[in-house]
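Q: How does the following fold in three dimensions:
(chains A and B)
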Amino acid sequence: MHDMNLFSEIRGLVLDQLGKMVEAGELPEGLDFSNVKVEPPRDPMHGDMATNAAMVLARPAAMKPRDIAARLAERLVADARIAAADVAGPGFLNLRLGVEAWHEVIAAVLTEGKGFGRSNIGGGTRVNVEFVSANPTGPLHVGHTRGAVFGDALSSLLEFAGWDVTREYYINDGGAQVDVLARSVYLRYLEAHGEAVEFPEGTYPGDYLKPLGEELKARVGDAYVGQPEAVWLDEVREFATARMMDLIREDLAALGVRMDVFFSERSLYGTGRIEGALELLREKGLIYEGVLEPPKGKVPEDWEPRVQTLFRSTEFGDDVDRPLKKSDGSWTYFAPDVAYHYDKILRGFEELIDVFGADHGGYVKRMKAAVAALSDGKVPLDIKLIQLVRLFKGGEPFKMSKRAGNFVTLRDVVDRVGPDVTRFVMLTRKNDAPLDFDFDKVLEQSKDNPVFYVQYAHARVSSVMRKARGFGWDVSDQTLAAEDFAPIAHEAEIDVVRKLAEWPRTVEIAARNHEPHRIAFYLYELAAEFHALWNRGNDLADLRFLREGDEAASRPKIALARAVAVVISAGLAILGVKPLEEMR
RNA sequence: GGCCCCGUAGCUCAGGGGAUAGAGCAACCGCCUCCUAAGCGGUAGGUCAUAGGUUCGAAUCCUAUCGGGGCCGCCA
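A: Residues are numbered from 1 along each chain as shown, chains lettered A, B, ... in the order given. Take a look at the predicted model:
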């Protein structure tokens, strides 16, 4: 199967011809072609594609860029796909493709269906995407929602581009916060027994723990009433974290996110795995007992120098060495994290991705240092920081009128606007830019709302397909793919096809950079091209997709519309959004 | 004080070594006897925070400065 990415295909052609120029003595031997690019030009007036080959090679070849470009142009136009090759500016070579090349794109989309744009740049590399990983102490909130959507879409994107992806959730069930959870549930349990309770600082007063108090009462009766922590803490903690994870799983399911692995921090304890990871670091000479400098700036009131077990993360670019054991000998939270990432390496993952909230930015360097140390630099770790979501309603800042807790949950969002809208909107910003989420605007049916705009394009195609089928025409992808596309020649139509041809390239760039938002932006652009063409049909009957009573004239146009729908649904599938057949 | 992210049109943001920097909103002017006008076309709007540097070429890379946000012993 040949490469359906038209850009890499043409780049291949350029490289072939450059090679032939070397053979012919028109270029010196030993040139590095790796920086040669074939891209869409910034200004479409310049052509369909542009290559920088001549400019990149001019210096190493000791030739003038325009001379190289001119010779390359001669060779390229000999290819059937290239209609024109013009030297421009400082040495750009602008390529114009023949219409046949564009027609092949339509056929390819319809033949490959949602597989169009799928690639194997990942080469089956095993990648672990860890995301959400919220503490199991309550329901997921908006911030987690963005991280969940991002991680899931990134995972789908990587799968689509040929990676072997595992979606993973790290359950922080080993630290002090799950003890706090247990105590909070215990208070609800006492409450269920009719006691008046207060929630002191450092406990979770949220209503969501009430049912757990009741359930605990139903399970153990009054066995824990009036008993010291030692009696009930372990069991209540286990019960409570299990229930919280049920809750979190339900939240994720409501959003349409399914994890492959839930990894328990607690499962690392008492197994020697934390010790094992640290032992490996010790063997590498990266562990020592020492005292850290006090932090610069505002020093904590009670700061005093203490000896701790430290990891030489500074050898891997961190700012200070990081404690693994507290002065009392217990683990810091960093230690199990190190062991956890070591476990990922041992499980054979060749690439790791962590999706964190932006407030964990200070954690990035030490985690990368740990993974570099444990894998001898062989396993890359990319950490994506997810910026805040700012909630609005009708343009006004939105606050949940929730007693205690007072945070907006994933459920609040999904119940109001649905999972599809939530997901799409969450991906309309780069991960490291703050996101404004307006409960009213995201439901608005207008072009201000990108979700609607993209869905509307898909619905319009569906409408065309319904009508065509209503006429009794066979408009299956298979038969449409076999059409003669010669009537697809108008610039407005080719604009749409050009955008379709960019899809595989968009997937590759998005996957390589771990940037799923590029998919959302692409879909918006594709929808815009489609809507533009649709409207041209108002003036020019030739450009309409459907001409009642003229199946022959309609079929190639229907094929084009259908190709748009196929790519939109492929893109939406990566984002985890269901395409709509109609908007009503 | 240190580290990280951000600074692009009036507003919200794309673009992250290439040619005259893009889109949406807001403003102004147009387009419905015709596949959903829930849409489309056009006009206007920019010293890409600032100053240096690297490069044939910088919004993009480097350094410094200014502005906004986040994090900053053993909390997770």
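Q: now what about the helix or strand of chain A with the lowest mean pLDDT, what contacts it?
A: The weakest-scoring helix or strand in chain A, judged by mean pLDDT, DSSP states H and E, is strand A:396-397 (a mean of 82). Strand A:396-397 has contacts (CB atoms under 8 Å, 6 or more residues apart in numbering) with A:390-391. C-beta coordinates here come from the backbone N, C-alpha and C atoms, glycine included.
Q: For A:Thr51, see how far away the residue nearest to A:Arg11 when sequence neighbours are not counted is.
A: The spatial neighbour of A:Arg11 that comes closest, neighbours along the chain excluded (CB to CB, 6 or more residues apart in numbering), is A:Val38 at 4.0 Å. A:Val38 sits 5 Å away from A:Thr51, going by CB to CB, to the nearest Å.
Q: just to revisit the earlier point, report the next helix or strand after the least confident helix or strand of chain A in sequence order.
A: Toward the C-terminus, strand A:396-397 is succeeded by helix A:410-417 as the next helix or strand (DSSP states H and E).
Q: Which positions within that next one qualify as buried?
A: Using 16 or more other CB atoms under 10 Å as the test for burial, helix A:410-417 gives A:410-414, A:417.
Q: Over to stretch A:564-584?
A: For stretch A:564-584, a neighbour-count test (16+ other CB under 10 Å) marks A:564-572, A:574-577, A:579-580 as buried.
Q: Quick check: residues of the stretch 301-450 of chain A near RNA strand B?
A: With the criterion set to CB under 7 Å from any atom of the strand, the stretch 301-450 of chain A comes near RNA strand B through A:302-306, A:308, A:319, A:323, A:326-328, A:332-333, A:358-365, A:385, A:387-388, A:429-430, A:432-436, A:445-448.
Q: on that earlier part again, so which of the buried residues of helix A:410-417 is the closest to RNA strand B?
A: Of all the buried residues of helix A:410-417, A:Val417 has the smallest distance to RNA strand B: 15.0 Å, by CB to the nearest atom of the strand.
Q: still on that earlier bit, report the buried members of the residues of the stretch 301-450 of chain A next to RNA strand B.
A: The neighbour-count test (16+ other CB under 10 Å) marks A:308, A:323, A:332-333, A:363-365, A:385, A:387, A:429, A:435 as buried among those.
Q: ok, and the closest non-adjacent residue to the residue in the stretch 101-250 of chain A that RNA strand B sits nearest to?
A: Going by CB to the nearest atom of the strand, RNA strand B is nearest to A:Gly175 of the stretch 101-250 of chain A, at 2.5 Å. Using CB to CB, 6+ apart and skipping the chain neighbours, the partner closest in space to A:Gly175 is A:Tyr333 (5.7 Å).
Q: The one you found and A:Gly147, how far apart?
A: For A:Tyr333 relative to A:Gly147 (CB to CB), the value is 19 Å.
Q: any low-confidence regions in chain A?
A: Counting by pLDDT under 70, chain A contains low-confidence ranges at A:1-3, A:295-301, A:400-406.
Q: one more time with 80
A: A:1-4, A:42-44, A:293-305, A:399-407, A:584 (pLDDT under 80).
Q: Pull out the buried positions in stretch A:478-488.
A: Buried residues in stretch A:478-488, counting neighbours by 16+ other CB under 10 Å, are found at A:480-481, A:483, A:485, A:487-488.
Q: and if you look at stretch A:76-84?
A: In stretch A:76-84, counting by 16+ other CB under 10 Å, buried: A:76, A:79, A:81-83.
Q: do that stretch and RNA strand B meet at all?
A: No. Taking CB under 7 Å from any atom of the strand as the criterion, stretch A:76-84 and RNA strand B are apart, separated by no less than 12.6 Å.
Q: circling back to that earlier point, would you check that the residue of the stretch 101-250 of chain A closest to RNA strand B makes contact with A:Tyr269?
A: No. With contact defined as CB atoms under 8 Å, A:Gly175 does not reach A:Tyr269; the gap is 10.7 Å.
Q: Span of stretch A:307-321 from start to end?
A: Stretch A:307-321 has an end-to-end distance of 13 Å (CA to CA, to the nearest Å).
Q: and what of stretch A:435-445?
A: Stretch A:435-445 end-to-end distance (CA to CA) = 20 Å.
Q: Show me which positions of that stretch end up buried.
A: Buried-residue list, stretch A:435-445, by 16+ other CB under 10 Å: A:435, A:437-439, A:441-442.
Q: give me the number of residues near A:Lys316?
A: Rather than Lys, residue A:316 is Phe. Using other CB atoms under 10 Å, A:Phe316 is surrounded by 17 other residues.
Q: What of the one 5 residues further on?
A: For A:Asp321, the count of nearby residues is 21 (other CB under 10 Å).
Q: With adjacent residues omitted, what lies nearest to it?
A: Nearest non-adjacent residue to A:Asp321 (CB to CB, 6+ apart): A:Leu310, at 4.3 Å.
Q: Then A:Asn128?
A: A:Phe349 (4.2 Å).
Q: Name the nearest residue to the residue most central in space within chain A, ignoring sequence neighbours.
A: The centroid of chain A falls nearest to A:Leu154 when counting by CA atoms, centre = their mean (2.5 Å). In space, and not counting its chain neighbours, A:Leu154 is closest to A:Pro516: 5.0 Å by CB to CB, 6+ apart.
Q: Using the three-state scheme, assign the residue of the stretch 451-584 of chain A found nearest RNA strand B.
A: Nearest residue of the stretch 451-584 of chain A to RNA strand B (CB to the nearest atom of the strand) works out as A:Gly537 at 2.5 Å. Classification of A:Gly537 by DSSP: H, G, I helix; E, B strand; the rest coil places it in helix.
Q: For it, give its distance to A:Ala573.
A: 28 Å.
Q: can you check A:Pro228 too?
A: With CB to CB as the criterion, A:Pro228 and A:Ala573 are 54 Å apart.
Q: So which residues on the stretch 1-150 of chain A come close to RNA strand B?
A: A:41-43, A:46-47, A:50, A:52, A:55-56, A:59, A:88-90, A:92, A:94, A:135.
Q: Of the residues you listed, which pair is most distant in space?
A: A:Ala88 and A:Asn135 (56.9 Å; CB to CB).
Q: Counting neighbours, go ahead and name the busier of those two.
A: Regarding A:Ala88 and A:Asn135, a neighbour count based on other CB under 10 Å identifies A:Asn135 as having more, with 17 against 14.
Q: Then the more buried one would be within a helix, right?
A: No. Under three-state DSSP, A:Asn135 falls outside any helix and is assigned coil.
Q: List the contacts of it.
A: Contact analysis of A:Asn135 by CB under 8 Å, 6+ apart lists A:172, A:177-178.
Q: now those in a markdown table, with secondary structure and distance to RNA strand B?
A: Converted to a markdown table, the contacts of A:Asn135 look like this (DSSP: H, G, I helix; E, B strand; the rest coil; distance: CB to the nearest atom of the strand, whole Å):
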| residue | secondary structure | distance to RNA strand B |
| --- | --- | --- |
| A:Asn172 | coil | 3 |
| A:Gln177 | helix | 5 |
| A:Val178 | helix | 8 |
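Q: Just put those in JSON lines and tack on neighbour count and distance to A:Tyr522.
A: Shown next, in JSON lines, are the contacts of A:Asn135 (neighbours: other CB atoms under 10 Å; distance: CB to CB, whole Å):
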{"residue": "A:Asn172", "neighbour count": "20", "distance to A:Tyr522": "35"}
{"residue": "A:Gln177", "neighbour count": "16", "distance to A:Tyr522": "40"}
{"residue": "A:Val178", "neighbour count": "23", "distance to A:Tyr522": "42"}
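Q: Could you dump these into JSON lines and include distance to A:Val127?
A: Putting the contacts of A:Asn135 into JSON lines (distance: CB to CB, whole Å) gives the following:
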{"residue": "A:Asn172", "distance to A:Val127": "22"}
{"residue": "A:Gln177", "distance to A:Val127": "29"}
{"residue": "A:Val178", "distance to A:Val127": "29"}
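Q: with those in mind, which one is nearest to A:Gly549?
A: A:Asn172 (65.5 Å).
Q: Touching, that closest one and A:Ser264? I think so.
A: No. Taking contacts as CB under 8 Å, A:Asn172 lies outside contact range of A:Ser264: 9.1 Å.
Q: Once you drop chain neighbours, what's closest to A:Val231?
A: Closest to A:Val231 by CB to CB, 6+ apart is A:Tyr224, at 6.5 Å.
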